[in-house]
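*Asks:* model the structure of this input:
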Amino acid sequence: MDRVSLFNQSHEDMEAVTEIADGSPMAAIVFNLGYLPGGSKEVTTRADATLKAVTSALHLLGAGGVLTICAYAHEEGRREIDALRKLFATLDHAFDVYEVTVTNHTQAPVLFIVRKKR
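*Replies:* Residues are numbered from 1 along each chain as shown. From the prediction side, this is the model:
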């Protein structure tokens, strides 16, 4: 547990991770977007906040580090998915980006896996 830090706050606040990390690169960062299961569907992650958080996360990853993002295809989630695809299309060759989808279900979540090579 001394190598793990958990944060119970918005992903918009990725800056808090940089303070805890003390400049050390991250080996893994996990995002689960959308809304709280069983909670209000009016309270959800938003594309603008997600892009800010993911951009910060990409800078925090060390060589060989992995970022995973599970994005759900509800109304705002589709905007997040489109925005993430656009962001990932701009990354240089230092990153490998994988997208896992279920092709026979339009509401299925999309899993993005990003690996920082160097």
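
*Asks:* SS state for Ala108?
*Replies:* Assigned with DSSP: H, G, I helix; E, B strand; the rest coil, Ala108 falls in the coil class.

*Asks:* spatially nearest residue to it, not counting backbone neighbours?
*Replies:* Using Cβ to Cβ, 6 or more residues apart in numbering and skipping the chain neighbours, the partner closest in space to Ala108 is Val102 (3.7 Å). All C-beta spots, glycine's among them, are computed from the backbone N, C-alpha and C.

*Asks:* what segments of this protein are helices?
*Replies:* In the chain, the segments counted as helices under DSSP state H are 15-21, 47-60, 75-89.

*Asks:* distance of the residue nearest to Ala108 relative to Arg115?
*Replies:* Val102 is 22 Å from Arg115, where distance means Cβ to Cβ, to the nearest Å.

*Asks:* neighbour count winner among these two?
*Replies:* Per other Cβ atoms under 10 Å, whichever of Val102 and Arg115 has more neighbours is Arg115, with 16 against 12.

*Asks:* spatially, what comes nearest to that one if we skip its sequence neighbours?
*Replies:* Asp96 (4.6 Å).

*Asks:* quick one on the thing from earlier: which pLDDT value goes with the residue nearest to Ala108?
*Replies:* Looking at Val102, its pLDDT reads 84.

*Asks:* now the one 5 residues further on
*Replies:* The predicted local distance difference test score for Gln107 is 78.

*Asks:* let me see the contact set for the closest residue to it other than its chain neighbours.
*Replies:* Once flanking residues are discounted, Gln107 sits nearest to Ala73: 5.1 Å by Cβ to Cβ, 6+ apart. For Ala73, the contacting residues are 81, 106-110, by Cβ atoms under 8 Å, 6 or more residues apart in numbering.
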